[in-house]
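Student: how would this look folded up:
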Amino acid sequence: MCATCGCGDETGTRITVPHEHPHDHEHPHDHEHPHEHEHPHDHEHPHEHTHEHPHDHEHPHTHEHRTETVTLEQKVLAKNDLTAERNRGWLAGRGVLALNVMSSPGSGKTTLLERTIADIGGQRRVSVVEGDQETMLDANRIKATGCAVVQVNTGAGCHLDAEMMRDALTALDPEPNSLLFIENVGNLVCPALFDLGEKSRVVVISVTEGTDKPLKYPHMFAAANLVIVNKADLLPYVDFDVDLCAKYARSVNPDLQMITLSATTGQGIQQWYDWIAKQ
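Tutor: Now for the predicted structure:
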């Protein structure tokens, strides 16, 4: 179990290239960084005391457990950050621009990527890492565009992490000087904590989700470089205030850039392509 958010461990993670057999973390790792899988999930924290002492006096166990939990979380994130830096170095060495695209389920991430690949794929090689708990549905949609894609199924996990990303890079092997989109698991909480080695983070929300998303999920918006407000074609039919949403978002991240567009109709989409070109 992930000590940071409580989601499932990597034993249920599958890395799959569409139309090839899935391999459960047994594929070779050509990266220079090691693959020991030393997950700190073996209860390294000192919970093996036997409690042989009588319980007729008070012990400060609450504080001890809190300290142990925080320490273990720090170890998990420190290990993840180290792997993320190695991923970042590997990507930079190849000149690959990696963008971590995050959102809640149903915001339109996959539709946005399909349109982006169709519009700019002829100008620059594009590949995609798809993250979902189960199914190959989104990977197959991306595959249909002619784009190279690898699917990461996290099982009970609610986010991608740097080790999954490293394994996905091994399977995908993106071309030098290409563009790599990472479509993270649909979740506005945990993905914000886990650096994958990306260059920038993009958060997609849709006008059907509510204006107050940045206030409800501040960590995600604080970690973002760009927020895309998608499904702008539905604005006449829903109660969503774009300006107020931008105000809320910048209250947690003053430097945040925001773009309003419709991946379906193409409204405002050029702003997205211009932003990518500047990265």
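Student: just give the nearest non-adjacent residue to residue 171, would you?
Tutor: In this structure, residue 171 finds its nearest non-sequential neighbour in residue 150, 4.8 Å apart by CB to CB, 6 or more residues apart in numbering. Using the backbone N, CA and C atoms, a C-beta is placed for each residue, glycine as well.
Student: do residue 264 as well
Tutor: Nearest non-adjacent residue to residue 264 (CB to CB, 6+ apart): residue 233, at 6.1 Å.
Student: hang on, the earlier thing: does the residue nearest to residue 171 touch residue 170 like I think?
Tutor: No: here residue 150 does not reach residue 170: they are 9.2 Å apart, not a contact under CB atoms under 8 Å.
Student: the two: which has the busier surroundings?
Tutor: More crowded of residue 150 and residue 170, by other CB atoms under 10 Å: residue 150, with 25 against 17.
Student: which stretch of helix or strand covers that one?
Tutor: strand 148-153 (DSSP states H and E).
Student: packing partners of that strand?
Tutor: Contacts defined by 3 or more CB pairs under 8 Å, 6 or more residues apart in numbering; DSSP states H and E place strand 148-153 against strand 14-16, strand 126-132, helix 137-143, helix 162-172.
Student: for residue 82, grab phi and psi.
Tutor: When read as degrees, to the nearest 10, the backbone of residue 82 gives phi -60, psi -50.
Student: show the contacting residues for it.
Tutor: Residues in contact with residue 82 (CB atoms under 8 Å, 6 or more residues apart in numbering) are residue 162.
Student: per-residue confidence for it?
Tutor: The model reports residue 82 with a pLDDT of 97.
Student: separation between it and residue 75?
Tutor: 11 Å (CB to CB, to the nearest Å).
Student: and if you look at residue 109?
Tutor: 31 Å.
Student: same question for residue 191.
Tutor: Taking CB to CB, one finds residue 191 at 19 Å from residue 75.
Student: rewinding a little: and the residue nearest to residue 264, how many neighbours?
Tutor: 16.
Student: good, we can wrap up now.
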